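> need a 3D model of the sequence below.
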Amino acid sequence: MKILIVDDENDIRRVLKLLLGNRGYEVAEAENGARALEILSGTDEFDLVIMDMMMPVLSGVSTTKKLREFSDVPVLFLTAKSLDRDKTSAYAAGGDDYLVKPFSSKELLLKVDAITRRYNAYRSKTAPADPGDTVSIGAGVTVSPKTRTVRKNGTQIDIRDKEYDVLLYLVGKRGTTVGQRELYEQVWGEIPLASSANTVTVHILNLRRQLEDDPQSPKLIRTVWGKGYQID
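Residues are numbered from 1 along each chain as shown. Predicted coordinates:
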């Protein structure tokens, strides 16, 4: 998988390139937003852009707004700002996630792994189905990764984004039991806390209420006691 690092500070690009390279990612660099747009224009080979928010000439927000005119590649913002209005600007521009400096290497890698995994699932680069295909997962339920839609017996179900992310991750791991910790790390992109298991449980319960014929006796999203959840 390939990542573009966009930052005007050479030392930051160097450290991130080393860190991500050791993780197995192929890494390219851009020293400013204009150069990033040149690199990204006309290609879909990148799985993630790590974008510094504060750059001279063309800021990360401005760069991302222009990027969204021709690409849906995920953008992870890096910034020293932590105010709500700054986060709002990042997401409004089309950013997918936000990481405040200074951050730990583990936190960065968790977010990078989660974002690229979700993006590849949507594009079906690592999933068994073609992105244009509709995947049947039983009980009259179908999932369309390309359009991010779910139908039950032909009727589209209104599912929240994070619940869809949980469902799609389980579909990508079909036939394999996924633990609550793994789900939280990969879908939320954060280090699990004591409350994380409850967060995962609530999202699974919501999915079951919407998709199962009998939520009290789930057959679509099974609980494998002591291990996690599984879609067969």
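> just the buried residues of the worst-scoring helix or strand of the chain on mean pLDDT, please?
Taking mean pLDDT, DSSP states H and E as the measure, the helix or strand of the chain with the lowest value is helix 84-92, at a mean of 76. Judged by neighbour count using 16 or more other Cβ atoms under 10 Å, the buried positions of helix 84-92 are 86-87, 89-90. Bear in mind the C-beta positions are built from the backbone N, C-alpha and C, glycine included.
> now do stretch 204-213
In stretch 204-213, counting by 16+ other Cβ under 10 Å, buried: 204, 206-208, 210-212.
> one more: stretch 3-12?
Buried positions in stretch 3-12, judged by neighbour count with 16+ other Cβ under 10 Å: 3-8.
> stretch 184-196 now?
With the criterion 16+ other Cβ under 10 Å, stretch 184-196 contains buried residues 184-189, 192, 196.
> with stretch 158-175 instead?
159, 163-173.
> and for stretch 38-52?
Of the residues in stretch 38-52, those buried under the neighbour-count criterion (16+ other Cβ under 10 Å) are 39-40, 46-52.
> including distance to Glu107, could those go into CSV?
Conversion of those to CSV gives the following (distance: Cβ to Cβ, whole Å):
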residue, distance to Glu107
Ile39, 26
Leu40, 25
Phe46, 22
Asp47, 19
Leu48, 15
Val49, 18
Ile50, 13
Met51, 17
Asp52, 17
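> can you show me the helices along this protein?
10-22, 33-40, 60-67, 84-92, 105-123, 161-172, 180-183, 196-211 (DSSP state H).
> worst average pLDDT in those helices?
Ranked on mean pLDDT, the bottom entry among the helices of the chain is helix 84-92, at a mean of 76.
> show residues contacting that one.
With Cβ atoms under 8 Å, 6 or more residues apart in numbering as the test, helix 84-92 has contacts from 53, 60-61, 64, 77, 79, 98.
> switch the cut-off to 6 Å
Residues lying outside helix 84-92 but in contact with it, judged by Cβ atoms under 6 Å, 6 or more residues apart in numbering, are 61, 77, 98.
> one step back: quick one: closest of the helices of the chain to Lys146.
Each of those was scored for nearness to Lys146 using Cβ to Cβ, and the closest is helix 105-123 (7.3 Å).
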